[in-house]
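The sequence and its predicted three-dimensional model are supplied below.
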Amino acid sequence: MGCSLSSDSSNQVTVLLARWNQGEAAAREALVPLVYEELRRVARKCLAAQHHDHTLQSTALVHEAYLRLVGRDSVHWQSRVHFFAVAARLMRGILVDHARKRSAAKRGGGAVTLVLDEEVTLPKKNELNLVALDHALTCLAGLDSRQSQIVELRFFGGLSIEDVAHVLGISPATVKREWATARLWLHNAMGESAAI
Amino acid sequence: MTPERWQEIKVVLDGALEIERNDRAAFLDRACAHDASLRHEVEVLLAADEQIGTAFLNGPGNFELTTVESPIGNATKPTDLWIGRRIGPYKIVERIGVGGFGEVYRAFRADDQYRKEVALKVVRGGQDSGFVFSRFKNERQILANLDHPNIARLHDGGTAEDGVPYFVMELIDGQPLDQYCNRRQLSVTERLSLFLQVCSAVQYAHQRLIIHRDIKPSNILVTSDGTPKLLDFGIAKLLDPEISTEGPEPTLTVFRALTPGYASPEQVKGDPITTASDVYSLGVVLYELLTGEHPYRQLGTTPQQIALAVCEVEPEKPSTVVRRMETNRDSRGSSSVPESFGSSAEKLRKRLRGDLDNIVLMALRKEPQRRYASAEQFAEDIRRHLGSLPVVARTDTFGYRTSKFITRHKAGVTATIIVAGTVLAGLAVTLHEGRIARAQQIRAERRFDDVRRLANSLIFEIHDSIETMPGATPTRKLLLERALEYLDSLAKESSGDVSLQRELAAAYLRIGLLQGSTLDASLGQPHDALASVKKAVAIREAVVTAEPNNASDQLDLAIAHHTLARMLDSAGQPGAREQADQALVITERLVKAGNTSLELLRERSIEYELLSDLQNGAAEQASALDSIKKSLAINQELLQINPQDRRLQRGVAIGNVKVANALVEMGSRAEALQLFQSGLDLFTSLVKDQTDARSRRELAVATAFQANALRMNGDATGALAAHERALAIIEPMAGADPQNATLQLDHAGAYSSIGTDLAMIGRYADGQAAQRRAIQIYEEVLARNHSDQAAPHYIGTDEICLGEALAKTGKTQEALETYRKGIARLDSQGDDDPDIRSEAATGYVRLGRVLAKLGRTQEAADEYRKALAIAEPLAGAKPPNLRALYAVADADFGMGELSTMAAANLSATSVGRRQRWAEGHDWYSKSAAAWGKIPNPGAVTPSGLPCGSLAEVIRAIARCNAVLAKLGSSPTSASNADSPGLPANRK
């Protein structure tokens, strides 16, 4: 995990994208770790710099990772969409992990449960809604995995309706319909998980 | 729901979404003609369509690091959808009314075999449901404890799955007080005796510092046996800031939850509400009971007119009203109020004239302090009247009325009063004492200085005065919001005004701290908290630049830095260390310049403690111990000079406990245990005369730390006793606050620890029971909130402990399953936290051990390898992860056992036999090496998980050496040249 990306892995990504685009499934598998590492790196950098006043913009991160790995003009549109499709799944994992990790309290000596400063009490960790979304999406996948995937691509990957249609090989109209009903379902499901 | 069902629902839903909302019902009639439940499912989702904003999941996927946009809409579902629904454990049967804040349903507890019926009130849309609910959480215990024959019990409350708050109350089958009296033509005396019962209910609540705030005839139901029951105690307060009353009374948004016809002048104006406010409302109720007429309603019908009358107009005497009405009836020939008394107008008028006129009007006085001070005094005067004794109430004097008239016309600013009062109404309401006289200053004018003074008094005085009051959280939250609005507007005009900047910074800091507070989870807004504290830092930096020689400004800046550091750290954000360093640099300079004030030195101790925590988090254990020792030393020194200072006593207590914790991490448990005891002694004496939640929880936490150290030291009996002491503190707190996840996790943690202790002393059955109780509590937390992240982690570790206890009692199959569940739970954390990963590795090790005992050696080896794959890299890190070292040591030992078991199964002459013993020897040696890296290994891992011991490894190595010697060959393998029998690096 160096600070800058070697041109090797950048080339590698371009090649893999091209191969995947030609229908080679193994190329997708090979892409995952490269994209994942880059996404994490970009996300970490973003957090460290406290960009956007602590707002992590997932699609912006995916774009940044894409530019770093693939470059601006070297690959055509279809490859870009494929890249984003991979990135969406990974981004979901990264964001949810991030939310979870920060709220995972530790037991035992490492935990800061006693603080001298009477003024300071520890902020409540409140990033639960993202985790609730993840949970709801997993439930939705149990009912309709394609629909869950559509949400993932749209929400975590920032893909447009048309891009999602392309990735999944279905019509934009279908994506639109599925998206609309998925939103309602998730909204309800998350309401449930948030209710006490 | 099955996938097939979802496809069906989607088809209908798609169709419905395509068409206009108004046409949907007809469409559903056709589409779901034979399937009512399909229709219901679709309707629920369509209702979501109406609540859902376009923003939900749309847009570019912006994540605040701490929050995602709330998915819960505020709109209430259409009424008919509630019937037949289950809300929490309650099943709704039918609608029985519309209350001031929403619908009321008859419902029953579906999980209760007696199916006891209750009234379930759904809070109608528009308000912030989370806010209402968090208020409710705070109030629930207080309200649920109102146990009086004339008060309808509040049983429960919560939010429905779509976020709509609801309350569950005793179901009262009765008529509103006024209807009851009129229909039965009760006499004045009968009415008074009913009214006295209502007074006793109000008095009962007032003694518990609960003000009703919304007393009116429709909130008083009389049952068929003639018992009046007062409904909705405390509900008005819960709903206060967000609701506009609807229903039978006119609506005026500024009145929020009050009902204008019955609200006191101070409620209308937004002045502090006291028990006298309820006395006033009771006065209106009695006025109506005795005259059949409202004291002001004839003066107007709009809420504004009534509000004006409430504040400005003296009501007519009840006897005068009766006479006037009788005259009107003569001219109009309509039915008469006195008829509903079963009496003639003349008799009624005479009965009211004098005492009752005076009593009612005394309750209705504009100035709270001139009314009856309590419902009890009010009732007492009525009883004196009934007993023909002289009453306290007297006619207003002429002088008073004149002065009142003059005041009325001089002021002439009622409208202004109402507007200004509304701003503060929300926070003023719970402050029933005269403490907040300063807040009233805003009423005059909203001049800059007043606002500034107000903001300060809000943040410092009012907040402090209510901080320890139970149930004050909602008010505090509102107070914060209001105060921030003021501050932000002030900040714009503050440049160049150093004294204003000082105030602003202090205010921002204070607000940030309050926002970041966990003890009040509902206030917890880490993002906002950080923003506020950063503003404070920036302003204080500007102040120090403007006045570089002011030591007190510098100290303030250091405080702001350390506060920001603490918050960044606990919010998991970077930059904490830099902030802490800046704070230390500032105070270092001040100390070097000869400053030795108590405040400065305390600040130093706080900074060192903070630094220690940060170093601990960065695995710099030695530096962490050093820093916390410095912090403790400062506090000890200060305490010697100021032995009565409670803050210093607490500082030394915390310092002792934290130094002890650091020592435990370094393996120095004996020294740690002494310090724990000193710390606990201090905490115990602090808690003795200080019963706030924070102190008690601190004592419990410190006790649990001590217990963990005892257990690691092998003293399971002592640990058990200490964990039980911690449980005894936490259990009642958790019971009193079931929605508080932190306390619930503490609660479960105590049970889990007790379970481990019990298993260690061989009480396996009890241990299992305690572990199961812990898992049950964790699962309850998880069920309430799927996304609670601490719970799966804890459940995972507990399941591993439980598996251990099961294995010990021979329940092998169950043990294997439980281990696997625990591991899966830890894995599902999707987390690369080294401690959690190491705990999963420990799970694999324990699983391997049980499999090995069953003779399933191949599977056992697989599990050990999984453990090593996780733990070895973590144990090899710099510095090594302590928990991972335990896992490696045990996995290596397990592999050694597998080798030697295999050797034992081979024939004595087999060539492979010697090789197996040699392999075993290698594994054991590796295990010993891992043990060697653990400073003073404990009887359990630092997480309380089971582990082996160096002693058993050494015995095993000795056994190998003996066998290998007998087999006549050197035990050393190609890879390991260490001298046999001794662990590699324990010289």
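Yes, it's here.

Can you list the residue ranges for strands in the chain?
Here I'm looking at chain A. Applying DSSP state E to chain A gives strands spanning A:55-57.

To clarify, I was referring to chain B.
B:62-64, B:86-87, B:90-98, B:103-109, B:117-122, B:154-159, B:165-170, B:174-176, B:220-223, B:228-230.

So what touches the last one?
Going back to what we said before, that points to strand B:228-230. Here strand B:228-230 makes contact (Cβ atoms under 8 Å, 6 or more residues apart in numbering or on different chains) with B:150-152, B:170, B:172, B:174, B:177, B:194, B:197-198, B:201-202, B:212, B:215, B:219-223. The way it works is simple: take the backbone N, C-alpha and C, and place the C-beta from them, glycine included.

Return a PyMOL selection command for the buried portion of those.
The following PyMOL line selects those of the contacts of strand B:228-230 that are buried, judged by 16 or more other Cβ atoms under 10 Å in any protein chain shown:
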select buried, chain B and resi 150+151+152+172+174+177+194+197+198+201+202+212+215+219+220+221+222
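
Which pLDDT value belongs to residue B:908?
pLDDT, residue B:908: 72.

What backbone torsions are found at it?
When read as degrees, to the nearest 10, the backbone of residue B:908 gives phi -60, psi -30.

Based on its surroundings, how many neighbours for it?
As a burial measure, residue B:908 scores 6 neighbours (other Cβ atoms under 10 Å in any protein chain shown).

you'd agree residue B:889 is up against residue B:953?
Yes. Residue B:889 is within contact range of residue B:953, at 7.4 Å (criterion: Cβ atoms under 8 Å).

Common neighbours of those two, please.
In contact with both residue B:889 and residue B:953: B:927-928, B:931, using Cβ under 8 Å, 6+ apart.

give the contact list for residue B:604.
Residues near residue B:604 by Cβ under 8 Å, 6+ apart: B:584, B:587, B:591, B:631, B:634.

count of neighbours near the fourth one?
Which is residue B:631. For residue B:631, the count of nearby residues is 25 (other Cβ under 10 Å).

pLDDT wise, what is it at?
On pLDDT, residue B:631 comes in at 96.

repeat for the first one
The pLDDT attached to residue B:584 in the predicted structure is 97.

Could you do the second one as well?
Note on residue B:587: pLDDT of 96.

Any part of stretch A:179-192 near chain B?
Yes. Using Cβ under 8 Å from any Cβ of the partner chain, stretch A:179-192 reaches chain B at A:180-181, A:183-188, A:190-192.

Same list, these, but as JSON lines with neighbour count and distance to residue B:815 please.
What follows is the residues of stretch A:179-192 next to chain B, written out as JSON lines (neighbours: other Cβ atoms under 10 Å in any protein chain shown; distance: Cβ to Cβ, whole Å):
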{"residue": "A:180", "neighbour count": "16", "distance to residue B:815": "48"}
{"residue": "A:181", "neighbour count": "20", "distance to residue B:815": "44"}
{"residue": "A:183", "neighbour count": "21", "distance to residue B:815": "44"}
{"residue": "A:184", "neighbour count": "23", "distance to residue B:815": "44"}
{"residue": "A:185", "neighbour count": "26", "distance to residue B:815": "39"}
{"residue": "A:186", "neighbour count": "25", "distance to residue B:815": "38"}
{"residue": "A:187", "neighbour count": "24", "distance to residue B:815": "42"}
{"residue": "A:188", "neighbour count": "20", "distance to residue B:815": "39"}
{"residue": "A:190", "neighbour count": "27", "distance to residue B:815": "36"}
{"residue": "A:191", "neighbour count": "24", "distance to residue B:815": "39"}
{"residue": "A:192", "neighbour count": "16", "distance to residue B:815": "34"}
